[in-house]
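Q: please find the sequence and the predicted model below.
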Amino acid sequence: MDDEYTPIACDRYSELELAILRRQRLRLSLRGRGGLRRIETLDPVNLRTRRQAEYLIARNPAGLARVLRLDRIAEARPL
């Protein structure tokens, strides 16, 4: 997988913002390195930009923080 960040569509970014405001748990399909995919259920907390890339800050059900690059989120569905 290329490490260069690819910006996401504005409507997808807006959907994540709404999920944060509504405190809406999400089921995320994530693209990992090497093309592997995994599914995680997370509570979105915030969005950040760092080093010209955008990230979702979230917590897993155990309360542990996760930082996910937005271009690696293949799909985000509210639960």
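A: Yes, it's here. Just so it is clear, the structure is predicted and the values come from calculations on it, not from any experiment.

Q: helix, strand, or coil at the residue located most distally from the centre of the chain?
A: Of all residues in the chain, G34 has its C-alpha farthest from the mean position, at 18.1 Å, by C-alpha atoms, centre = their mean. Secondary structure assignment for G34 (DSSP: H, G, I helix; E, B strand; the rest coil): helix.

Q: same thing with I20?
A: Criterion first, three-state DSSP; result for I20: helix.

Q: which pLDDT value belongs to it?
A: We have a pLDDT of 98 for I20.

Q: ok, it touching P44?
A: Yes: counting by C-beta atoms under 8 Å, I20 touches P44, with 4.7 Å between them. From N, CA and C alone the C-beta is placed, and that goes for glycine too.

Q: alpha carbons only: can I get stretch 21-39 in CSV?
A: Extracted in CSV, the C-alpha atoms of stretch 21-39 (Å, rounded to 0.1, in the frame of the first residue of the first chain):
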residue,chain,number,x,y,z
LEU,A,21,-21.5,15.0,16.9
ARG,A,22,-24.2,12.3,17.3
ARG,A,23,-21.9,10.0,19.3
GLN,A,24,-22.8,7.3,16.9
ARG,A,25,-20.9,4.0,17.0
LEU,A,26,-19.5,3.0,13.6
ARG,A,27,-18.6,-0.3,12.0
LEU,A,28,-15.5,0.4,9.9
SER,A,29,-14.0,-1.7,7.1
LEU,A,30,-10.3,-0.8,7.1
ARG,A,31,-7.7,-1.4,4.4
GLY,A,32,-4.4,-2.4,6.0
ARG,A,33,-1.0,-2.7,4.6
GLY,A,34,-0.6,-5.4,2.1
GLY,A,35,-4.2,-5.1,1.0
LEU,A,36,-5.6,-6.9,4.1
ARG,A,37,-9.0,-5.8,5.3
ARG,A,38,-10.4,-5.8,8.8
ILE,A,39,-13.6,-4.8,10.5
